[in-house]
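Undergrad: Sequence first, predicted model second:
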Amino acid sequence: MDRPKNKKFLTQLHQDYVQNLGAPEGIVFYSSLRNVDQKSGPVVIYQGSHKLGLLNIKLNKKEKNYSRSLILNVNKSSLNKNYKKIYLKIKSRDLAVFDFLLLHESSPNKSNDIRWSLISRFFSFNSTIGKKNMFCGGNQEGNRFENIHPEKMIW
């Protein structure tokens with residue numbers, strides 16, 4: 001849900017796996033419950049960025065919301081230069097499917113209406129990482145990225 005004219009709670013640049021931690025080999029199903037145009041704040045995706053793999057993370061210890069404290073270690077200007085930025089303008093009941101590791105973020109909702117979305121995520125039960133961690137679940141289950149992937153943390 002993206003509220004009109006709300007900049008504080010925009011979803012920052014992320015990979016879905018970082019918050020979910022079941023397995024990095026997964027897909028996201030995204031559908032909007034309203035038509036999404038440029039004014040209503042479409043999701044921004046960086047085409048092909050999933051090929052970068054799981055990115056390193058910096059932890060912003062000043063941020064109180066744990067999910068928002070996980071900052072991808074990626075140069076935004078390099079990202080804009082090397083990957084096509086696509087504003088996902090879809091119609092109500094359309095379905096977009098993308099990789100768990102695809103870089104994406106919210107854009108501001110400049111309309112007067114809430115942008116309602118439905119998101120489902122599925123991951124592979126054949127994942128080596130998932131099996132190793134017993135498909136532990138993500139932030140909502142109290143798991144922390146730095147405990148599952150200390151090798152991906154920049155301290």
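TA: Ah, there it is. All values reported here derive from a predicted model rather than from experimental measurement. Numbers count the residues shown, from 1 in each chain.

Undergrad: Find me the pLDDT at I27, would you?
TA: According to the prediction, I27 has pLDDT 96.

Undergrad: quick one: which helix or strand includes it?
TA: strand 26-32 (DSSP states H and E).

Undergrad: so is Y87 in a helix, a strand, or just coil?
TA: With DSSP: H, G, I helix; E, B strand; the rest coil as the basis, Y87 sits in strand.

Undergrad: what separates the most far-flung residue of the chain relative to its centre from K39, distance-wise?
TA: Among the C-alpha atoms of the chain, the one most distant from their mean position (C-alpha atoms, centre = their mean) is that of N112, at 24.4 Å. To K39, N112 is 9 Å away according to C-beta to C-beta, to the nearest Å. From N, CA and C alone the C-beta is placed, and that goes for glycine too.

Undergrad: what does D94 give?
TA: Using C-beta to C-beta, one gets 17 Å for the distance from D94 to K39.

Undergrad: list the contacts for K61?
TA: When contacts are counted by C-beta atoms under 8 Å, 6 or more residues apart in numbering, K61 touches S69.

Undergrad: I should have written Y17 there, sorry.
TA: Counting by C-beta under 8 Å, 6+ apart, Y17 touches A23, P24, G26, L54, F100, L101, F123.

Undergrad: Cool, thanks, signing off.
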